[in-house]
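J.: Fold the following, please.
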Amino acid sequence: MIRTNTSRTFFITGVSSGFGRALAEAALAEGHRVVGTLRRQDQRAQFDELAPGRSFGRLLDVTDTPAIAPLIEEVERNVGPIDVLVNNAGYGYEGTIEESPIDELRKQFEVHVVAVVAMVQAVLPYMRERRAGHIVNLTSMCGIVTFPGLGYYHASKFAIEGITETLGKEVRPLGIYVTAIAPGSFRTRWAGKSMVRAERTIADYDEIFEPLRAGRLRRDGHQMGDPVKAAQAILAVVDTPNPPCHLLLGRDALGFVRSQFDDVVAQINAWEKVSASTDFER
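T.: This next block holds a predicted model:
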């Protein structure tokens, strides 16, 4: 498939703020059409006015999975073929694993994993028929590296990293591209209003966890990452004729992920004999 810089139709989940809003505005500025999902009628009306005739708000709670396929069908019929699906909707969850209720784990997976897969399954029949399309899943450097107190968030992002990579291998022969975008720390609401924080109940974790929680709160609004520049990077990925399967965003993500890979390689080498000792003798 030959990719060009012609106008496309984007379907972006969660366009009220953060990466979703920045990407929607950047795509509209470049002349694309954008269908964005929101959760309130006033937000929808405001989104429709961003670029009348090219910005289309749709009400959706992404955890309402039965509503997803009908919505995709309605957009394909009334707005036009979806060229780019961007799964962006999400939120942060902070809490030690022992202190975090199991229901909060289910909620993280409903938003970050189940909803994403439901979106993918709804849009793929149309993209397969056209033998064209690009699916972009917003993951996180937290889908590759880990930090204390973010276990549930990490679990959901690790899961969608694996799903994204597998999906790419399945649909690339059909003319469809898939990219996992893994940002570092950006000035979104992730560490602020969008963060759900577990209640502290176990004093044994105070020493390791409290400084981390205080640090995240202190850095909120002062992160290095610029969502507007992230949006431009995502548009560049969509425009390239050979988009990557994975793209890190931010110098902090580069540093943390490179360090993680170095540690993994070092451990593989250190324990290579033990790893190799478990095979049947030839």
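
J.: Would you confirm that Y177 belongs to a helix?
T.: No - using DSSP: H, G, I helix; E, B strand; the rest coil, the secondary structure at Y177 is strand, not a helix.

J.: Surely it is in contact with E170?
T.: No - Y177 is not in contact with E170 according to CB atoms under 8 Å; the separation is 12.0 Å. Quick note: C-beta positions are derived from backbone N, CA and C, even for glycine.

J.: okay, those two: which has more neighbours?
T.: Y177 (24 against 11; other CB atoms under 10 Å).

J.: Could you measure from the nearest residue to the more buried one once chain neighbours are set aside over to L167?
T.: With CB to CB, 6 or more residues apart in numbering as the measure, H134 is the residue that lies nearest to Y177, at 4.5 Å, once sequence neighbours are left out. According to CB to CB, to the nearest Å, H134 stands 12 Å off from L167.

J.: can you list residues touching both of the two?
T.: V178 (CB atoms under 8 Å, 6 or more residues apart in numbering).

J.: give me the element the residue nearest to Y177 is part of.
T.: Here H134 sits within strand 133-138, counting by DSSP states H and E.

J.: Just give the number of residues close to I202.
T.: 10.

J.: wait, what's in contact with it?
T.: T96, E98, E99.

J.: Hmm, D239 and the residue nearest to Y177 touching each other?
T.: No - the pair H134 / D239 is not scored as a contact, 9.7 Å apart, by CB under 8 Å.

J.: Neighbour count for these two, which is higher?
T.: Neighbours per residue, other CB under 10 Å: of H134 and D239, the larger number sits with H134, 21 against 15.

J.: Next one, pLDDT for the more buried one please.
T.: We have a pLDDT of 98 for H134.

J.: So V86, which state does it fall into?
T.: State at V86, reduced to three classes by three-state DSSP: strand.

J.: confidence score at it?
T.: Note on V86: pLDDT of 98.

J.: cool, and the one 10 residues further on?
T.: T96 carries a pLDDT value of 95.

J.: now do R189
T.: R189 is given a pLDDT of 62.

J.: which regions of the chain lie under the pLDDT threshold?
T.: 1-5, 189-192, 221-222 (pLDDT under 70).

J.: Can you list the residue ranges for helices in it?
T.: Counting by DSSP state H, the chain has helices at residues 18-29, 41-48, 68-78, 102-109, 115-130, 151-171, 206-219, 227-239, 251-270, 272-276.

J.: so which of these comes closest to K193?
T.: helix 18-29 (10.2 Å; CB to CB).

J.: Can you list the helices and strands that that closest one packs against?
T.: Helix 18-29 is packed against strand 9-12, strand 33-38, helix 227-239, with contacts defined by 3 or more CB pairs under 8 Å, 6 or more residues apart in numbering; DSSP states H and E.
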